[in-house]
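Engineer: Build me a model from this:
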Amino acid sequence: MLLNAAAALFVAGKTRSLIAGWDLAVDVIDSGKAEAKLKELQAAEEPV
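Structural biologist: Modelled structure (predicted):
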């Protein structure tokens, strides 16, 4: 999962290398921001 996230961050131009993408992915996952975003996206998909 971290490698995919690192690659996505790098390809999107959010980091300058895969290593930096890896570090950022670890930080985002560990901080709970990734889970919060997932829940936000899931809530947006629920029918009204």
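Engineer: so residue 13, which of the three states?
Structural biologist: coil (DSSP: H, G, I helix; E, B strand; the rest coil).
Engineer: number of nearby residues for it?
Structural biologist: By other C-beta atoms under 10 Å, the residues close to residue 13 number 7. Bear in mind the C-beta positions are built from the backbone N, C-alpha and C, glycine included.
Engineer: got a list of what residue 2 touches?
Structural biologist: Neighbouring residues of residue 2 by C-beta atoms under 8 Å, 6 or more residues apart in numbering: 22, 25, 26, 29.
Engineer: by contact count, what packs against the helix or strand harbouring the last one?
Structural biologist: Secondary-structure assignment from DSSP states H and E places residue 29 in helix 18-31. In this structure, helix 18-31 packs against helix 2-11, with contacts taken as 3 or more C-beta pairs under 8 Å, 6 or more residues apart in numbering; DSSP states H and E.
Engineer: circling back to that earlier point, got the contact list for the helix holding residue 29?
Structural biologist: Residues outside helix 18-31 that contact it (C-beta under 8 Å, 6+ apart): 2, 3, 5, 6, 7, 8, 9, 10, 14, 15, 34, 35.
Engineer: Could you export the helix or strand of the chain with the lowest mean pLDDT as PDB, keeping only the C-alpha atoms?
Structural biologist: Using mean pLDDT, DSSP states H and E, the weakest-scoring helix or strand in the chain turns out to be helix 33-45, at a mean of 94. The C-alpha coordinates for helix 33-45 follow below in PDB (Å, rounded to 0.1, in the frame of the first residue of the first chain):
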ATOM      1  CA  LYS A  33      -5.600  11.900   7.600                       C
ATOM      2  CA  ALA A  34      -5.900   9.100   5.000                       C
ATOM      3  CA  GLU A  35      -8.600   7.400   7.000                       C
ATOM      4  CA  ALA A  36     -10.500  10.600   7.500                       C
ATOM      5  CA  LYS A  37     -10.400  11.300   3.700                       C
ATOM      6  CA  LEU A  38     -11.600   7.700   3.000                       C
ATOM      7  CA  LYS A  39     -14.600   8.200   5.300                       C
ATOM      8  CA  GLU A  40     -15.300  11.600   3.700                       C
ATOM      9  CA  LEU A  41     -15.300  10.000   0.200                       C
ATOM     10  CA  GLN A  42     -17.500   7.100   1.400                       C
ATOM     11  CA  ALA A  43     -20.000   9.500   2.900                       C
ATOM     12  CA  ALA A  44     -20.100  11.500  -0.400                       C
ATOM     13  CA  GLU A  45     -21.000   8.300  -2.200                       C
END
